[in-house]
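S.K.: Okay, sequence plus prediction incoming.
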Amino acid sequence: MSTAPPPRTTAAPEPRRTSASLRQKSRPTSAVTDQENKPDSKTSTTRKGSTTTTTETRTERRTIEERLTRRTKSPLKPTESNANAGRKSKDVSERGQRVSQVRKEELRASIQPRTWSPQATLLPPASSAPLACRVSIPPLSQHAPASVHPPPFGGLGLGNQESALIEDLLYVLMGFEGQYVRYVESYNPLDEKHRLVGPTYRIANGLDPSLRDLASGMLKTATHFAALELFVETMGREECGSVSHALCASVRKLVKDYLSLIAQLEHQFLTNPGFTLHQMNLHLRPTSHLLIQLYSLSQEIMKENSMLSDLDEDTTDQADEFENILESLREGRDTTIPGKRTCKGGAILRLMTKRLQASSGDPAAYSLLQTLLRDSSRPYMRMLNEWLHHGNVRDPHAEFLIKEQKSIRREGLQQDYTDEYWEKRYTLRPELVPPQLEGVKDRVLLAGKYLNVVRECGGITDINRDLSNSEEVPHTFSDPRFLENVSGAYAFANRSLMTLLLTTHGLPARLKSLKHYFFLDRSDFFSYFLELSASELRKQAKNVNAGKLQSLLDIVLRQPGSVAAEDPFKEDVRVTMSDTGLTGWLMRVVNVQGMDADASTLSLNNTYTGSVTGGKEEKDISGYEALTLDYSVPFPLSLIISRNTLTRYQLLFRYLLSLRHLESLLTQSWTEHTKSPAWIKKGRRAPRALANSFVSEADKKAMEIERKIESWKRRAWCLRARMLCFVQQLLYFCTSEVIEPNWRGFMKRVEEGRDDGEAEGEQPTGGGDATATQPAAKIASTATPKVKRTVDELMQDHVDFLATCLKECQLTNSKLLRINSKVTSTCIMFANYTSSLSRYLASLDTSTTSKDGTTKDSSTSGASAPVDPAKLDKLFSILQQYEDHFSRHLKILLDALNYLAATETVVFLGLCARLSMASEGGEGGGAGPSAYS
């Protein structure tokens, strides 16, 4: 195709060319006129009330048309001379002009009853996008009547075809249909998905192939422009988020430049006669390349938003869509965006970053995507700076990587058993984390969480400072200070919170106070409290007066000379009564599924065994079993000493209390064994030389019975000593070999955190708020300090310390819990049964005691009743039952500890060595019951 435009001046052979063109035009025009006149005649005949004048006028017009048609259809004879041909062509041209004028008048008259006057209307606002188009969609050109159709390309010359095509393309490139370039029939402008993909255009038939090839490539640009216009309107809605709004604003600027280019091309077309389609294509090519990048980006975003998914995909997974709607309602977000997925905020930035990395070989596309990413990241960086330097989440559209649950408040920390405030108040949204923040997302989360705590405690004074225009913080991802800003804000927030916790609010002192009360460290006050409240604690838990116990505890804590009298936090200790036994509570925690066959249920007559094995209801536990302490911790120390950690303190306290109570019961049993006359009296023993000659048969039987009773006493003393040894060794192991070493290691790490906070922040003693009141942005702009200890590490150290104590105290293993409960229940029953054993001894005594204290023989004094062999056998049977249960379960416990020491932790080896001493003197170790028979 020639680049020069066709000459527009009149040349010598113009009349011949004009006549030929008129001849070509006259044929389809007349045909169209014939076709249009026929329906007009039919319409006129069907109409009622038409005048006679109209009918006569139409008849005359039809006669004139037939006469002119016959004249125009007569061709030139080939035998005529050139002169005659020229003269006739001139006549034909004149006749053609008259015919065209008559035809125009006829067409103007014929289209009056079928008017084509599309009008634009202003629609009511149907979208939350402030700049959305409200002009009605124009009707399709395929619905226009044939009377307004242009002449076909086949009847035009090459120059006229090019001019008509350029004029059409100028309209099409702005999103409108042309006369020769129209939408395909399958395109529906009322379907949003069709509009999002962009319209497809077709060119009328008869166009030169070279022009068609050039125009086909340019029509793709028109498709991209139309799709981008709707993309900007769709993603500019309020619920799409500020990042989408910023992206649409940047795209709108590029679209404005594109429209300026179209205006310049139109100016060239109207003013430059030599402007061709090829030149227009060359001018559009750079912009077309940019529109291709924008179009592919917009299509990918739409697909991520499920706006361009298939219908089959829309009808499936209805349950997932319902769950997404519920999640949106819970978060307070708008659910008007169609589709099951959403792509906004950090997801859009991640998508753009991936495309930017993939287009490094295309400088134009790389520059375009870099500009779009820079403009789109500004609102995201605004939210990031607000979070890093003020601890606030300003995210009305749920597009930031930090999610805030406003329903979780710090007022619920005292009843929060799951650490919801710290763990769930602020959480990460992994799908909204841009690649630029992927490596530091945890620091971003912790920096804002730390700063939020400091801000709530009044440690930051510049919370209302506007950071959007500040030069001290970066505003785009491309700023070289971006990562330094995150690290600096994280170090400042961590240092401020560490100083606030350790120095201002005295966390180490609080922890030491917890140790005194819950681990019974220097517990002289608590021993006194147990003595005062013994009568109340013997009752069932539901009958215990908790107010009375609290009064007794207050008296003990304020007792002069007591260790707790100097504790500044003694007012925070409270007495509470649990409705669940310790073993039952722990069993629920570890979720026991069964029981070891060897650790079967005790079959003793005492009903106390049910409380350990689950046979007794929880409401029947005694006051000693239900007694526990509670502790009030103010904010922000409640982050470290949370309700979850306090529960672990209470579990350890109740376990240590049960061991202390069991030790006191066995000690009281030892006291009774050493002071009761029935236990301390020794039986008579005859001299060996006179045993056979001077002792009667009755005396021999009496001495034999006394010797059996003495043997029974020794066996009872041995069993009590073994039980006391077991309890004391277990208590010593839990306190001295588990809690104390772990406590020293934990406090050492706490002191390291205090040293780090003072060294990094240069915080003087007693001035905990000085560092926290410095501007966060100023701290972030300085050199990034190295963070040695963080608040989260301190919290984790605290949890690890308690978890280690629970594990090494055998409170996290279901089998150890069950076996240990069997052994301790046997000890408790034996200690409580001491008074009954004393009564049995008194009834089996074969001698009587006079008023003056002298003992008389039963053979000479008939005051004593004869010995009942059944009672004696029952006494041995009960003692044998205690021995069997204690020895069997102790052996099972030692075997389990040895196995766990080899597979889990070696700490249990020391406990096995200590508890093995309690097995001596029983069946399996040392002298057993047969030694006393």
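M.R.: On my side now, so go ahead. These numbers come from a predicted model, not from an experiment.

S.K.: can we go C-alpha only for contacts and neighbour counts from here?
M.R.: Noted.

S.K.: where does the stretch 101-250 of the chain have low pLDDT?
M.R.: Regions of the stretch 101-250 of the chain meeting the criterion pLDDT under 70 cover residues 101-115, 126.

S.K.: can you give me the strands in it?
M.R.: Ranges of strands in the stretch 101-250 of the chain, per DSSP state E, counting those that start in this stretch, are 181-183, 201-203.

S.K.: any idea how far His224 is from Asn305?
M.R.: 19 Å (CA to CA, to the nearest Å).

S.K.: residue contacts, the residue lying closest to Tyr201 once chain neighbours are set aside?
M.R.: Once flanking residues are discounted, Tyr201 sits nearest to Tyr183: 4.5 Å by CA to CA, 6 or more residues apart in numbering. By CA atoms under 8 Å, 6 or more residues apart in numbering, the contact set of Tyr183 is Leu140, Glu177, Pro199, Thr200, Tyr201, Arg202.

S.K.: can you rerun that using 10 Å?
M.R.: Contacts here follow CA atoms under 10 Å, 6 or more residues apart in numbering; on that basis Tyr183 touches Leu140, Ser141, Gln142, Val172, Phe176, Glu177, Pro189, Pro199, Thr200, Tyr201, Arg202, Ile203.

S.K.: just Asn820 next, same as before
M.R.: Here Asn820 is in contact with Thr583, Ala599, Val612, Gln810, Leu811, Ser814, Thr826, His889, Leu890, Ile892, Leu893 (criterion: CA under 10 Å, 6+ apart).

S.K.: Serialize those residues to a markdown table and add fields for pLDDT and secondary structure.
M.R.: As requested, these are arranged in a markdown table below (pLDDT from 0 to 100; DSSP: H, G, I helix; E, B strand; the rest coil):
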| residue | pLDDT | secondary structure |
| --- | --- | --- |
| Thr583 | 81 | helix |
| Ala599 | 32 | coil |
| Val612 | 38 | helix |
| Gln810 | 87 | coil |
| Leu811 | 88 | coil |
| Ser814 | 85 | helix |
| Thr826 | 87 | helix |
| His889 | 88 | helix |
| Leu890 | 89 | helix |
| Ile892 | 91 | helix |
| Leu893 | 90 | helix |
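
S.K.: Ser117: which of these is nearest?
M.R.: Ser814 (86.5 Å; CA to CA).

S.K.: Check the gap between that closest one and Thr824 for me.
M.R.: 15 Å.

S.K.: To what extent is the residue nearest to Gly346 when sequence neighbours are not counted buried, counted in neighbours?
M.R.: The shortest distance from Gly346 to any non-neighbouring residue, by CA to CA, 6+ apart, is to Leu432 (4.1 Å). Around Leu432 there are 20 other residues, counting by other CA atoms under 10 Å.

S.K.: correct me, but Leu432 touches Glu399?
M.R.: Yes: using CA atoms under 10 Å, Leu432 is in contact with Glu399, at 6.6 Å.

S.K.: joint contacts of those two?
M.R.: Listed as contacting both Leu432 and Glu399 by CA under 10 Å, 6+ apart are Cys343, Lys344, Gly345, Gly346, Ala347, Ile348.

S.K.: what about the helices in the stretch 251-400 of the chain?
M.R.: Remark: helices assigned in the stretch 251-400 of the chain by DSSP state H, counting those that start in this stretch are 277-304, 311-315, 318-331, 346-358, 363-390.

S.K.: low pLDDT regions in the stretch 651-800 of the chain?
M.R.: In the stretch 651-800 of the chain, residues with pLDDT under 70: 676-702, 705, 753-787.

S.K.: mind listing the helices in it by residue range?
M.R.: So, for the stretch 651-800 of the chain - with DSSP H, counting those that start in this stretch - the helices run 677-680, 697-732, 740-761, 768-772, 776-781, 791-808.

S.K.: Next: the stretch 401-550 of the chain.
M.R.: Going by DSSP H, counting those that start in this stretch, the stretch 401-550 of the chain shows helices at 420-424, 441-456, 482-499, 507-518, 524-532, 534-537, 546-557.

S.K.: Secondary structure of Thr576: a strand, I assume?
M.R.: Yes: under DSSP: H, G, I helix; E, B strand; the rest coil, Thr576 sits within a strand.

S.K.: Buried deepest among the helices of the stretch 251-400 of the chain, which one?
M.R.: Mean neighbour count (mean count of other CA atoms under 10 Å) peaks for helix 363-390 among these, with a mean of 21.

S.K.: tell me what it is packed against?
M.R.: helix 242-271, helix 277-304, helix 346-358, strand 402-404, helix 441-456, helix 482-499, helix 776-781 (3 or more CA pairs under 10 Å, 6 or more residues apart in numbering; DSSP states H and E).

S.K.: what do you get if the cut-off is 8 Å, keeping everything else the same?
M.R.: helix 242-271, helix 277-304, helix 346-358, helix 441-456, helix 482-499, helix 776-781 (3 or more CA pairs under 8 Å, 6 or more residues apart in numbering; DSSP states H and E).

S.K.: circling back: would you list the shared contacts of Leu432 and Glu399 in JSON lines and tack on pLDDT?
M.R.: Formatted as JSON lines, the shared contacts of Leu432 and Glu399 follow (pLDDT from 0 to 100):
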{"residue": "Cys343", "pLDDT": "86"}
{"residue": "Lys344", "pLDDT": "87"}
{"residue": "Gly345", "pLDDT": "88"}
{"residue": "Gly346", "pLDDT": "89"}
{"residue": "Ala347", "pLDDT": "91"}
{"residue": "Ile348", "pLDDT": "92"}
